[in-house]
Every structure is written in C-alpha cells, then in structure tokens.
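> heads up, no residue letters with this:
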C-alpha cells in the first residue's frame, strides 16, 4: 500500500520541534526523559489514563519531573508522548505530544514571559498577549461568579459552551486566577485562598497551555488527591493508587513554576491547519 502524507506540514512540525529544543537549550534548561508507562498516575478529576497491564500510560510527565526538581535538577523541560482515553476530535487525539517545563525558585509570572517568547519564536513574529481573570469573564459571559458559588459541572460546561467561544481570536489570551477547586496541583494565592496560581493560555482562541505555581505542601497534596479519589468513586469513575515516591519527594521541591503546552496544537497554528491529523502522521480515528 502506498500511503499519502502531507510532507510539507510534517516538515513544518519538525521545524517546530527544533525551535522548541533550541529555545530551552539557549535558556539553560536540561532536557529530560521520564517513564511513559507509570504505576500511579495523578488523581485528577476527569483525566483518564489508558491502562497498560498493571500500570497506566501517563497523561503527563509531571509527577516524575517534580521528583527530578526535588533532587536538584535545576530548570528542566521534556517533550514527548502522553495519553488520555476517550479524547478524539479535530483538536484531540488519544496519543499526543506534550511539552512541559519547570522553573525552580521562580514565580508564575516567569511563565508568561516564556510562553510569549516561545510562541513568537515558533511563529516567527511577535505575539501580543492579554490577561483575563476567570471570575471576571464568567460574570460577564456566563452570568455567575465561580469564586462565590462553585459548581464544577456548571463551570466545565460554561467553559466549553460560553467562555471559550467568547475569547479573542487574535494573539495570546491568558485566563488567570482559577478557582481553587479547579487546580489540583497548584498552590493557592496567598492574598485570596479562593484562587489558585493557575492560568490557561489560548492562542487564536485555541487552548495551548496550562501553567501553575506548583503546590509543594505534601500533606495538602495528599488531601487533594484523596478528595478527588472520593469524588471519582462516588461518580463511578476509575481511581488510581497514590504516587507515594512523588509525595515523599514533594517537601524537597523548591518554589516552582511549571507549565504544560500542547505541541500538536502549536504545530497546527504554525501550519494554518484546522485538524490535529494534519500535523501528525498517524491519528487514532
């Protein structure tokens, strides 16, 4: 069988990967690799890691990367395959390429600079950015304040159906100051405990990245994981074991800013593509 591929777009994807690596190496980051098949995925509300025997395929390399940070790695980045079950569509594939990077001894503000510089480097032009607080846009577009009356199902539904369609289509937009219950691995804002140090970045209206001021309190992280396990059990969803080596390392994690960015989506935007299948040689459809 003689298969047909869009070689021009695949070459464009390869260029995006080179730009990303050059970007981080020029800034003194160490590129790392961590396991793809893991014994204990993070317990998050609605992310489903595909099973792999008595392990799971990772939804993110976060927990292992934080163990490296706690051991003194310094700034690190990783780009590689991640997996999320039941995610298919023009913007989703069950297997996708994720970029994560972490800055120890840095605040979340450093990530805004990173995202803007990286996106500008990939696109070959300066990208302007704006910031919108989650509570502000929910009051304006959805008619309620998630900081005052948290409702997880309503929050997620309104995000998909009302908030994201209303976002600007030019440049970068950051949704900032997420409600605390919507940020399982982020520390709380010391000035307002209703708000977590979390943002999501949208480029041309498409979500590309999720940034955090990382939680370093092991007892609080355990409590949050256990609360998520209880919620998932109540809803009849699978639950996963706690990652005890991660929790044991967490007290040694310095104050850290970390972010995950979808490489396929960034490659889509760089190529002017409308479907993730246009920038991956193989998709699960």
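Received the coordinates, thanks. None of the values given here were measured: they were computed from a predicted structure.
> which residues touch residue 212?
By CB atoms under 8 Å, 6 or more residues apart in numbering, residue 212 lies in contact with 108, 183, 185, 186, 187, 196, 197, 198, 257, 258, 259. For glycine as for every other residue, the C-beta is placed from the backbone atoms N, C-alpha and C.
> got those as TSV, with neighbour count columns?
Shown next, in TSV, are the contacts of residue 212 (neighbours: other CB atoms under 10 Å):
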residue	neighbour count
108	23
183	21
185	19
186	23
187	21
196	25
197	24
198	25
257	23
258	25
259	25
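> which residues sit against the helix or strand residue 261 falls within?
Per DSSP states H and E, residue 261 falls inside strand 256-262. Strand 256-262 is touched from outside by 60, 62, 65-66, 69, 96-111, 114-115, 118, 201, 207-214, 216, with contacts defined as CB under 8 Å, 6+ apart.
> go on, stretch 198-206?
Contact with stretch 198-206 is made by 91, 108, 111-112, 115, 119, 127, 131, 164-165, 167-178, 182-183, 186, 207-213, 261, 265-266, 268-269, as judged by CB under 8 Å, 6+ apart.
> tell me how far that stretch lies from the chain's centre.
Here stretch 198-206 is found 10 Å from its chain centre; the criterion is CA atoms, centre = their mean, to the nearest Å.
> same check, this time on stretch 244-258
Its chain's C-alpha centre and that of stretch 244-258 lie 18 Å apart, by CA atoms, centre = their mean.
> repeat for stretch 72-86
10 Å.
> cool, and stretch 148-164?
Distance of stretch 148-164 from the chain centroid (CA atoms, centre = their mean) equals 18 Å.
> quick check: end-to-end length of it?
Length of stretch 148-164, first residue to last, CA to CA, to the nearest Å: 21 Å.
> re earlier: which members of the contacts of strand 256-262 are positioned in strands?
The strands, defined by DSSP state E, take in 96-104, 201, 207-213 from the contacts of strand 256-262.
> of the contacts of strand 256-262, grab the buried ones for ChimeraX.
Buried residues among the contacts of strand 256-262 (16 or more other CB atoms under 10 Å), as a ChimeraX selection:
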select :60,62,65,66,69,96,97,98,99,100,101,102,103,104,106,108,110,111,114,115,118,201,207,208,209,210,211,212,213,214,216
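> residue 17 belongs to a helix?
Yes: the assignment for residue 17 (DSSP: H, G, I helix; E, B strand; the rest coil) places it in a helix.
> strands of the protein, residue ranges please.
Counting by DSSP E, the strands of the chain are 30-31, 37-38, 51-52, 55-57, 76-83, 95-104, 129-133, 172-176, 188-189, 192-196, 198-203, 206-213, 256-262.
> CSV for the ones you listed, including distance to residue 237?
Converted to CSV, those look like this (distance: least, CB to CB, whole Å):
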stretch, distance to residue 237
strand 30-31, 34
strand 37-38, 19
strand 51-52, 14
strand 55-57, 14
strand 76-83, 17
strand 95-104, 21
strand 129-133, 30
strand 172-176, 26
strand 188-189, 25
strand 192-196, 22
strand 198-203, 22
strand 206-213, 21
strand 256-262, 22
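> helices of the stretch 51-200 of the chain, residue ranges please.
62-70, 109-123, 134-137, 152-158, 164-166 (DSSP state H, counting those that start in this stretch).
> tell me the most buried of these?
Highest mean neighbour count among the helices of the stretch 51-200 of the chain (mean count of other CB atoms under 10 Å): helix 62-70, with a mean of 22.
> tell me what angle it forms with strand 95-104.
Angle of helix 62-70 versus strand 95-104, following axes from the mean of the first three to the mean of the last three CA atoms, to 10 degrees, is 30 degrees.
> contacts for helix 62-70 next, please.
32, 34-35, 38, 40-42, 76, 78, 100, 102, 104, 185, 214, 243, 245-246, 249-254, 256, 258, 260.
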